[in-house]
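Asker: okay, here's the prediction I keep looking at, along with the sequence it came from:
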Amino acid sequence: MTTNNQANSNNTTTLFDKDSSSSSSSFGNENFIYNSNQKLTIQQQRISLPIYQNRKHILYLLEKYSTLVIIGNTGCGKSTQIPQYLFESGWADGFRTVLCTQPRRVAAISLAERVAQELGEQQVGKTVGYSVRFDEKISDIETRIKYMTDGMLIREMMLDPLLLKYSVIMIDEAHERSLQTDILMGLLKKVQKKRNSSGENNNNNNDTLKLIVSSATLNAQDFFNFFNYNQTNDKSKDTSTILSIEGRTYPVDIHYLEEPTSNYIQQTLQTIIDIHLTQPPGDILVFLTGQEEIERMIQTLDDKFELQRQQQQDNKNKQMMKYLLLPMYSGLSINKQIKVFESVGDSKKIRKIIIATNIAETSITIDGVVYVVDCGFVKIKSYDSISGLESLVIVPTSKSSANQRSGRAGRNRAGKCYRLYTESTYDTLLPDQTIPEIQRSNLTTTILQLKALGIDNILNFDFISQPPSGSLIRGLEVLYGLGALDDNGRLTNPTGMIMAEFPTDPTFSKMIVQSSSTGFNCSEECITITAMLNIQGLFTNQNHKSRKHLLVKEGDHITLLNIFNSFISNNPNSSHWCHQHQINYKAMQRVLQVRKQLLAYANKYSIKVISCFDDPNISPKNCSSLVRKAIVSGFFTNAAQLQPDGSYQTIREKHKLWLHPTSVLCLSNSPQWVIFNEVTITTKEYMKDVISIEPNWLYEIAPHYYKFKK
DNA sequence: GAGCACTGC
């Protein structure tokens, strides 16, 4: 292995680190957070942060420039301190508010809690507040510093397009380039141009909007360019600038392979064993791409180490250090996730080996890690606008991602990172950045939101990274098919406008809107089905044996409806029934929450909530047909016909698909015609959540989409 | 008979 030394991005203080505090909040356990400064007062801690040296400079640059791009490492304190500096220096005077956006809910909540504490307030929701889905702690009069998810701010713009109550908006974690953050940057650029030009005209500085964009080193220039409106070569007319904040860092030694490997799993296995047998104490964090890889790796390691231990049993001088193998991925139950944060006693005697997905790259931070093993690959979403299908693919990581991973070594002391590829691969083959999400996503929802915000010409919108035109065109076509856009591409009233505000994909919102009308009469059922399909991890066992009496032959949607109704009639406050039927009780609680929100939206837009099952004049069989017809009205693009070989073919694109083995439709004869909720591509292309339909429903309900076939 | 990176409203 070759070695070079690279300064890493960490510092001694984790108390102010957003990532650490977010994990404390999400797991409700403060004890596992390491705080080397806990003897200092809050003021002393604030002053000891690296960013404090830049306080005056930040405030000066924000007076001079409209947009400030800040490069700051994890833990430098930017997310907690900058909003406070702005507050202290008058940016929140005169009923104005300083806003900081986050890509994730837990981060927004825990940052607000931390800053409220730093301001000496007993609770969040006074001077400092937050707003995320399902939860808001804001005082309309008192709140001056606000944390919010990107998605919530986009939503707020539908009510207040110029966001006049905000004087400064800090877009945090912009380097992650999430779909919502990218859209937000495009929208805020528009708002800033509008507010700042009218500010000049009226000579009223209170109307101007200042932006702070938090970035990693590698893409700061992109953000600078995007927000620099200076058309001349005169640098003094720039409207944006970049400031880099030095963090206190520990060095991380980067080790590369000398020869490329053809099997990164095997290489990962060997590297972990080598570290454990030859390196001094310190936890190991390993990055792999998915659940299955992780579970298999843990099994194999356990077997190998056990073998090693038996061989060494007789030799008292050569005994292997103890170890604890821990998986970490989002599908894991919270109880199992917590284990990676728990103390194992003396870290010199027992080594934690954590095998994780990308969740450990951004969403959670584990202290005590000294060694990082980076397999060099990542599983990401990919979108094919021709078939309209999203899938997950394994691709090489980017430089930016590799640096983030290595930065996870030695948060508390110097560390080592083992990259399982060669240095020349890093230099010449890895892209600087992961492709922004907006360029590999289905954009139907995004387009609908932009239309609702008055962006008529989507193709000309100022995206920081232009999405593929195929994705935009496909999205527009689907929205037209759903009746959300008219012949001129304008939002329809009221259908399109309601759909844009519903917190679901347009396919679901269309189904709900349609289901309340005469001839369907099943909006209650459709809202329940939407809530059930929007929650992950519903079943603790994919095998339906324990739920046999709840299955419905028309398909998965109706089965889900049946499960929900049985859950309600068997005391929704007791987990016993769920346990008995191998249903995740916590997931059902989330279903109730989503369902409640959907019912509130239905109420807001005067969508009648009616149930066909409550109507004595409609038989249960006809009821099932009504619900399935309502589903067709939202999901008609996802229609497929049975083929002689047992596969299915989508009707327009002729795409070959298979019934997923977990579908209840696999338990009986395959129906001729089906509608599916989604496709997952693994060993084959599978349809998940599928119902049987009558083909004439397609012509009846979506004639504009299927007219050519008749 | 297969097996779900991570978020968000």
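Answerer: Arrived safely, thanks for sending. Numbers count the residues shown, from 1 in each chain, chains lettered A, B, ... in the order given.
Asker: so for A:A7, what's the pLDDT?
Answerer: For A:A7, the model assigns a pLDDT of 39.
Asker: cool, and A:H544?
Answerer: pLDDT recorded at A:H544 is 87.
Asker: I figured it was touching A:C666, is that so?
Answerer: No: the criterion here is CB atoms under 8 Å, and A:H544 misses it with A:C666 at 9.6 Å. Every C-beta, even on glycine, is put in place using the N, C-alpha and C of the backbone.
Asker: comparing the two, which residue is more hemmed in?
Answerer: Higher neighbour count among A:H544 and A:C666: A:H544, with 18 against 13, using other CB atoms under 10 Å.
Asker: okay, now the unreliable bits of the stretch 251-400 of chain A?
Answerer: Applying pLDDT under 70 to the stretch 251-400 of chain A flags residues A:315-318.
Asker: ok, which residues in it are in contact with DNA strand B?
Answerer: A:289-292, A:329-331, A:357-359, A:363, A:379-381, A:392 (CB under 7 Å from any atom of the strand).
Asker: make it 6 Å
Answerer: A:290-292, A:329-331, A:357-359, A:363, A:379-381, A:392 (CB under 6 Å from any atom of the strand).
Asker: out of the residues you listed, which sit inside strands?
Answerer: In this view, those that belong to strands under DSSP state E are A:K379, A:I380, A:K381, A:L392.
Asker: ChimeraX command to pick out the buried ones of those residues?
Answerer: Per 16 or more other CB atoms under 10 Å, the buried members of these correspond to this ChimeraX selection:
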select /A:379,380
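Asker: report the two of the ones in strands among the residues of the stretch 251-400 of chain A next to DNA strand B separated the most.
Answerer: Farthest-apart pair in those is A:K379 and A:K381; separation 8.6 Å (CB to CB).
Asker: so chain A: which segments form each domain?
Answerer: Here the domain assignment for chain A is A:18-245, A:250-438, A:442-495, A:502-709, based on automatic domain parsing.
Asker: show the subsequent helix or strand relative to the host helix or strand of A:M588.
Answerer: Using DSSP states H and E, A:M588 maps to helix A:585-604. Next in sequence after helix A:585-604, counting helices and strands by DSSP H and E, comes helix A:620-635.
Asker: next SSE after that following helix?
Answerer: Following helix A:620-635 in sequence order, the next helix or strand is strand A:639-642 (DSSP H and E).
Asker: let me know the pLDDT of A:N584.
Answerer: For A:N584, pLDDT reads 89.
Asker: now it. Its backbone dihedrals?
Answerer: Backbone torsions for A:N584, taken as degrees, to the nearest 10, come to phi -70, psi 110.
Asker: what does A:G72 give?
Answerer: Here is the backbone geometry of A:G72 (degrees, to the nearest 10): phi -150, psi 140.
Asker: which ones are touching it?
Answerer: Residues near A:G72 by CB atoms under 8 Å, 6 or more residues apart in numbering: A:I51, A:K78, A:S214, A:S244, A:I245, A:G247.
Asker: on the three-state scheme, the first one is what?
Answerer: A:I51 falls in the helix class when you classify it by DSSP: H, G, I helix; E, B strand; the rest coil.
Asker: just checking, it touches A:I82?
Answerer: Yes: A:I51 lies in contact with A:I82 (CB under 8 Å); the separation is 7.4 Å.
Asker: so those two - more neighbours on which side?
Answerer: Legend: neighbour count by other CB under 10 Å for A:I51 and A:I82, higher for A:I82 (27 against 23).
Asker: for the stretch 451-600 of chain A, which spans come out with low pLDDT?
Answerer: For the stretch 451-600 of chain A, no range has pLDDT under 70.
Asker: quick check: residues of the stretch 401-550 of chain A near DNA strand B?
Answerer: Checking the stretch 401-550 of chain A against DNA strand B by CB under 6 Å from any atom of the strand, the hits are A:T445, A:P503, A:T504, A:N534, A:Q542, A:N543.
Asker: hmm, 7 Å instead?
Answerer: So the stretch 401-550 of chain A meets DNA strand B at A:E437, A:T445, A:P503, A:T504, A:D505, A:N534, A:Q536, A:G537, A:Q542, A:N543 (CB under 7 Å from any atom of the strand).
Asker: top helix in chain A by residue count?
Answerer: Taking DSSP state H as the criterion, chain A has its longest helix at helix A:179-202.
Asker: quick one: distance of it to the chain centre.
Answerer: Distance of helix A:179-202 from its chain centroid, counting by CA atoms, centre = their mean, to the nearest Å, is 24 Å.
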